[in-house]
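K.L.:
turn this into a model:
(one chain, ligands or ions: 1)
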Amino acid sequence: MIELDISRAKAFLSNAEFDGGRKKASEALKTVEKRDGEGAEWLGWRDLLSDPNDAILEQLHSLATAIREEADIFIVCGIGGSYLGARAVIDALSSFFGNKGPEIIYAGHHMSGQYLEELLEYLAEPKADGKPKSVYCNVISKSGTTLETALSFRFIRSWMSDQYPDSLQDRIICTTSAEGGALNKLVDEYGFQKFVIPDNVGGRFSVLTPVGLLPIAVAGIDIRSLFYGAVSKFEELEEDPQSLLNYVAVKHALYQKGKTVDVLTSFEPQLESLGGWLQQLLGESEGKDGNGMFPTVATYSTDLHSLGQFMQDGARTVMETFITVEETTGTLIVDEADQNNDGLNYLAGMRLHEINRGAFEGTIQAHVKGGVPSVVVNLEKLNAQHLGEFIYLYELFTAVYCYSLDVNPFNQPGVEDYKSEMYQLLGK
Ligand SMILES: O=P(O)(O)OC[C@H]1O[C@](O)(CO)[C@@H](O)[C@@H]1O
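P.N.:
Residues are numbered from 1 along each chain as shown. Alright, predicted model coming up:
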């Protein structure tokens, strides 16, 4: 279960301001439902959930099971929506240290030559028992032409084809559009396995397609539970969208009131990548034509010691979105020390989770007093089902909120500008 608490954000609005936002939110939801807004041809992420494809879930699960048995390393080669969702779920649900199954390594999300060189060296290093590593790669690119991903994949593919001349087709899996783009040409040429990204699902809305589901399954996470968690949220919000509409109303009205930055934060470090996924989802969707709040990620309490001063006392243009977890698995309890030299005996008998929750409660109270409207999104537990619910909640939230600002949620014309400047400089 996920609970949304907007009370400490709504408190910054008058009734009229909230009602104005609420009216916009209701109209925007109708635009999503009727599919008559700009970009409506990109609403396929809703169809995935209204009509689940169990066969593809099963196919992904069995391929992932085979890979988990064979692979020492699984490379996820993609950028933006082609890797952030997978990374968000994998980081949230994996152990911090010593995970079972293949080591998941990300590539194709930047162009650091040093990174790629060190990665290739690492792949080539034998294992502790002297045997060579077994490497698999899932290259993910909807367009099939994104430079960061294509370039990294060229190096990885070349290393893998030298290393595994007889099993390359089993080891490389391409996730791309049904047709077009360079990846499809490579699939045709080399016979790599392929999964299709539906045409009507954009990159940042694609985590519940093979884009996210294959890497997540290879990490040993139950993709059925993740997917059906999203389905349950879809059904719940179709039935009763009031909580979502109130949330959109608040954010809409705060934006009209001059809040221009949304700090997405959590006290759980394993949720930092979830913040990264949300940052792209919101940022690429709302940030256009001079509109939108800038979404940025902070991990507390770490970043309270770098950003805390600004959050408490800096320019009052910020709002905050706290992603909290009601119950975590950690069991560590603070002991009573004989000598209380470190002065921590006042915490004796408390679980670290309780102390962390205390830090959250203290922080939100202080920030609200300091003038920061704050929303809390509370996950009952950190598991695949609740993350699935979270994913759909924010996909729908993003679409409705953007339409409430009269922004097309589904394009990203601004990203093309850096590409064309870069291509020109590089002589494409
Ligand atoms: O899957 P692709 O086509 O490589 O795109 C990756 C990412 O790049 C962007 O298109 C921006 O350039 C994102 O919207 C997308 O998630």
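K.L.:
what about whichever residue of the stretch 301-428 of the chain sits closest to the ligand, neighbour count?
P.N.:
When scored by Cβ to the nearest ligand atom, the stretch 301-428 of the chain has residue 415 as its residue closest to the ligand, at 3.9 Å. Just so you know, the C-beta spots here come from the backbone N, C-alpha and C atoms, and that holds for glycine as well. By the measure other Cβ atoms under 10 Å, the count of residues near residue 415 is 10.
K.L.:
just give the nearest non-adjacent residue to it, would you?
P.N.:
Nearest non-adjacent residue to residue 415, counting by Cβ to Cβ, 6 or more residues apart in numbering: residue 284, 7.0 Å away.
K.L.:
for whichever strand or helix holds residue 366, which outside residues touch it?
P.N.:
Taking DSSP states H and E as the definition, residue 366 sits inside helix 352-369. Contact with helix 352-369 is made by 8, 11, 267-268, 300-301, 304, 308, 311-312, 320, 322, 324, 327-328, 330, 332-334, 347, 374, 376, as judged by Cβ atoms under 8 Å, 6 or more residues apart in numbering.
K.L.:
in space, what's closest to the residue in the stretch 151-300 of the chain positioned nearest to the ligand - neighbours in sequence excluded?
P.N.:
Evaluated by Cβ to the nearest ligand atom, the stretch 151-300 of the chain has residue 203 as its residue closest to the ligand, separated by 2.7 Å. Spatial nearest neighbour of residue 203, excluding adjacent residues (Cβ to Cβ, 6+ apart): residue 81 at 2.8 Å.
K.L.:
so what's the spatially closest residue to residue 85 that is not a sequence neighbour up against?
P.N.:
Among residues not flanking residue 85 along the chain, residue 207 sits closest, at 2.7 Å (Cβ to Cβ, 6+ apart). Residues in contact with residue 207 (Cβ under 8 Å, 6+ apart) are 81, 84-86, 88-89, 213, 277, 391.
K.L.:
model confidence over the longest strand seen in the chain, on average?
P.N.:
The longest strand of the chain (DSSP state E) is strand 318-327. Average pLDDT, strand 318-327: 97.
K.L.:
kindly report the same for stretch 298-310.
P.N.:
For stretch 298-310, the mean pLDDT works out to 97.
K.L.:
ends of that stretch, what's the gap?
P.N.:
Taking Cα to Cα, to the nearest Å, stretch 298-310 runs 12 Å from one end to the other.
K.L.:
pLDDT weak spots in the chain?
P.N.:
Nowhere does the chain drop to pLDDT under 70.
K.L.:
which residues in the stretch 301-428 of the chain form helices?
P.N.:
Applying DSSP state H, counting those that start in this stretch to the stretch 301-428 of the chain gives helices spanning 308-313, 352-369, 384-404, 415-426.
K.L.:
mind giving me the packing neighbours of the longest one?
P.N.:
For helix 384-404, the contact count by 3 or more Cβ pairs under 8 Å, 6 or more residues apart in numbering; DSSP states H and E identifies strand 2-5, helix 15-34, helix 44-50, helix 84-93, helix 223-239, helix 242-256, helix 272-286, strand 374-381 as packing neighbours.
K.L.:
can I get these in a markdown table including mean neighbour count and distance to the ligand?
P.N.:
Shown next, in a markdown table, are the helices and strands packed on helix 384-404 (neighbours: other Cβ atoms under 10 Å; distance: least, Cβ to the nearest ligand atom, whole Å):
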| stretch | mean neighbour count | distance to the ligand |
| --- | --- | --- |
| strand 2-5 | 16 | 24 |
| helix 15-34 | 17 | 19 |
| helix 44-50 | 18 | 13 |
| helix 84-93 | 25 | 8 |
| helix 223-239 | 20 | 19 |
| helix 242-256 | 22 | 22 |
| helix 272-286 | 23 | 6 |
| strand 374-381 | 19 | 23 |
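K.L.:
and residue 65, which of the ones you listed is closest to it?
P.N.:
Residue 65 lies closest, by Cβ to Cβ, to one member of these: helix 223-239, at 11.1 Å.
K.L.:
picking up where we left off before, angle of the helix holding residue 366 against strand 318-327?
P.N.:
160 degrees (axes from the mean of the first three to the mean of the last three Cα atoms, to 10 degrees).
K.L.:
angle of helix 352-369 against strand 374-381?
P.N.:
Using the same axes, to 10 degrees: helix 352-369 against strand 374-381 is 160 degrees.
K.L.:
then helix 352-369 to PDB, C-alphas only?
P.N.:
Taking C-alpha atoms only, helix 352-369 is exported to PDB below (Å, rounded to 0.1, in the frame of the first residue of the first chain):
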ATOM      1  CA  LEU A 352      18.100   2.200  13.600                       C
ATOM      2  CA  HIS A 353      15.000   2.400  11.500                       C
ATOM      3  CA  GLU A 354      13.200   4.200  14.300                       C
ATOM      4  CA  ILE A 355      16.000   6.700  14.600                       C
ATOM      5  CA  ASN A 356      15.900   7.200  10.800                       C
ATOM      6  CA  ARG A 357      12.100   7.800  11.000                       C
ATOM      7  CA  GLY A 358      12.800  10.200  13.800                       C
ATOM      8  CA  ALA A 359      15.200  12.100  11.600                       C
ATOM      9  CA  PHE A 360      12.500  12.200   8.900                       C
ATOM     10  CA  GLU A 361       9.800  13.500  11.200                       C
ATOM     11  CA  GLY A 362      12.200  16.200  12.600                       C
ATOM     12  CA  THR A 363      13.300  17.200   9.200                       C
ATOM     13  CA  ILE A 364       9.800  17.600   7.700                       C
ATOM     14  CA  GLN A 365       8.600  19.600  10.700                       C
ATOM     15  CA  ALA A 366      11.600  21.900  10.500                       C
ATOM     16  CA  HIS A 367      11.300  22.400   6.800                       C
ATOM     17  CA  VAL A 368       7.600  23.100   6.900                       C
ATOM     18  CA  LYS A 369       8.200  25.600   9.700                       C
END
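K.L.:
buried ones in it?
P.N.:
Within helix 352-369, the residues that count as buried by 16 or more other Cβ atoms under 10 Å are 353, 356-357, 360, 363-364, 367-368.
K.L.:
now stretch 261-273
P.N.:
262-268, 270-273.
K.L.:
these: which two are farthest apart?
P.N.:
262 and 270 (20.9 Å).
K.L.:
and the protein, which of its residues are near the ligand?
P.N.:
Contacts of the chain with the ligand, taken as Cβ under 6 Å from any ligand atom, map to 79-82, 141-143, 146, 149, 203-204, 284, 412, 415.
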